[in-house]
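Fold the following, please.
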Amino acid sequence: MAQPSSSDLGAWRESVMRFRDLVQEGDLHGLLFQHLDLCTRRAWLHLHRIDYAHLEERMRKGSVGHDLHKARDRSVEGLMGLAPDRINWEKAEVIEVKGSVGARSAVSSQTRFYALLLMAATGRKWTAANEITGGRKHLPVLIDRADIDAMNDMAERLVTLAGEPVAPPAGRKPICGSCSYRMLCGY
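Numbering: from 1, shown residues only. Predicted coordinates:
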């Protein structure tokens with residue numbers, strides 16, 4: 001029997017497919033994983049479509065900056081439910097572009113989301129990276145079995161949060177002062 005290549009999902013297959021199923025059943029998207037990594041209440045607010053981004057100056061500027069400087073690669077158009085900034089199909093690498101290195105763990109969760117769904121769709125391993133605007137930095141995002149298990153746990157938490165009628169309690173965190181949900185949260 002032929003050994004699977006290093007690009008095959010192999011032992012990851014079951015966990016990757018479980019992730020795909022949770023995402024589809026929960027109607028989850030990548031940004032939710034970034035929010036959950038930062039704050040459970042922030043994720044709950046986003047899940048329940050409660051925000052005021054159109055009123056928050058930093059969010060408005062961020063939207064304009066994204067449109068001007070982070071043009072999407074045309075190869076991502078038509079991907080159902082996926083919106084990564086770029087995909088290198090030859091290298092099987094998904095790239096999320098950000099303006100700064102801030103909240104690296106949270107951004108990596110979002111990028112990992114895209115890579116796992118591309119793995120499920122293609123049956124092969126993908127790599128992931130976060131790129132700082134202008135290509136100043138190309139930061140690899142680790143994906144191993146522990147990361148896949150953590151993403152499955154996050155997906156389960158998001159599905160549970162979606163069914164919660166009341167926002168979960170939250171404590172003050174370093175991100176609170178610049179959080180786009182701070183006016184709704186109370187911190």
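
what's near enough to touch Ala106?
Phe33, Gln34, His35, Asp37, Leu38 (CB atoms under 8 Å, 6 or more residues apart in numbering). To be clear about C-beta, it is placed using only N, CA and C from the backbone, and glycine gets the same treatment.

Identify each buried residue in the helix or strand it falls within, please.
Assigned by DSSP states H and E, Ala106 belongs to helix 104-122. Residues of helix 104-122 classed as buried: 106-120 (neighbour count, 16 or more other CB atoms under 10 Å).

Run through the strands of the protein in chain order.
86-88, 93-98, 127-132, 137-141 (DSSP state E).

got a markdown table for the contacts of Ala106, with distance to Asn130, pLDDT and neighbour count too?
Shown next, in a markdown table, are those (distance: CB to CB, whole Å; pLDDT from 0 to 100; neighbours: other CB atoms under 10 Å):
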| residue | distance to Asn130 | pLDDT | neighbour count |
| --- | --- | --- | --- |
| Phe33 | 13 | 96 | 27 |
| Gln34 | 11 | 93 | 23 |
| His35 | 16 | 93 | 25 |
| Asp37 | 13 | 94 | 21 |
| Leu38 | 15 | 92 | 20 |
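
Present these as TSV; the columns should include distance to Ser180.
Below are the contacts of Ala106 laid out as TSV (distance: CB to CB, whole Å):
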residue	distance to Ser180
Phe33	16
Gln34	11
His35	10
Asp37	15
Leu38	10
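
For this structure, which residues score under the pLDDT cut-off?
1-7, 52-81, 101, 134-135 (pLDDT under 70).

circling back to that earlier point, tell me which of the strands of the chain sits most buried.
strand 93-98 (a mean of 23; mean count of other CB atoms under 10 Å).

what lines up beside that one in the sheet?
strand 86-88 (antiparallel), strand 127-132 (parallel) (DSSP bridges).

Which among the ones you listed is found nearest to Thr160?
strand 127-132 (25.4 Å; CB to CB).

And the contacts of the closest one?
85-86, 91-101, 104, 107-108, 111-112, 114-115, 137-141, 143.

10 Å instead?
70, 84-86, 88, 91-101, 104, 107-108, 110-116, 118, 137-143, 147 (CB atoms under 10 Å, 6 or more residues apart in numbering).
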